[in-house]
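1. need a 3D model of the following:
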Amino acid sequence: MAELKARTACEDALPVTVGAAQLEELDLGPVTSVMVWGQEAEVSAAMEAAHGMAFPKPNRSSSKDAGRCVWFGRNQAILIGVAPDAALGNHAAVVDQSDAWCAVSLSGAASEDILARLVPVDLRRGQFKRGHTARTQVGHMMASVTRTGSDSFMILVFRSMAITLIHELEQAMQAVASRST
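-> Residues are numbered from 1 along each chain as shown. The predicted structure is shown next:
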């Protein structure tokens, strides 16, 4: 009988360093979709009580310790890094999405320039501050882009798009690096 082994979305394809940028796969732990069906304030209060972070406002994320909650659309968020408290189910649809997403971190001094080639959103530090998030395109893929530090971003795409994301980002990394030589 065949032995099945769990594989990450970016298995053997990362990390990649080109010039002043690094691309690494992130292990997010549990990933849970939270879709509000009642009042957002009730969900936010339940999240605050259980996880120490509020339901995020549009285009924002909130975090506490190892957990992060990322806005994902109207009345939708993704809870990352912590198992959802059962009380959230009283106010929202709570669905495990742990195997559905590919998560990478793009970091380094060139990260904004790299994403400027692929993302039709102004991600410069003055406009897109730490904790800001956007549902947008990266190349031709729908994605979530969140600024996690002054020169770092978390990018989420569907798991099936992992290798395409790496390819697109690596090409942009090479193009930006070639300009500085």
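2. pLDDT (mean, whole number) over the lengthiest helix in the chain?
-> For the chain, the longest helix by residue count, based on DSSP state H, is helix 162-179. For helix 162-179, mean pLDDT rounds to 97.
3. in it, what counts as buried?
-> 162, 164, 165, 166, 168, 169, 170, 172, 173, 176, 177 (16 or more other C-beta atoms under 10 Å). For glycine as for every other residue, the C-beta is placed from the backbone atoms N, C-alpha and C.
4. hey, where'd the helices end up in the protein?
-> Counting by DSSP H, the helices of the chain are 40-51, 111-116, 162-179.
5. relative to residue 134, which of these is closest?
-> helix 111-116 (10.6 Å; C-beta to C-beta).
6. now for the closest one, which elements pack on it?
-> Applying 3 or more C-beta pairs under 8 Å, 6 or more residues apart in numbering; DSSP states H and E, one finds that helix 111-116 contacts strand 152-158, helix 162-179.
7. go again using 6 Å as the cut-off
-> Using 3 or more C-beta pairs under 6 Å, 6 or more residues apart in numbering; DSSP states H and E as the contact test, the elements touching helix 111-116 are helix 162-179.
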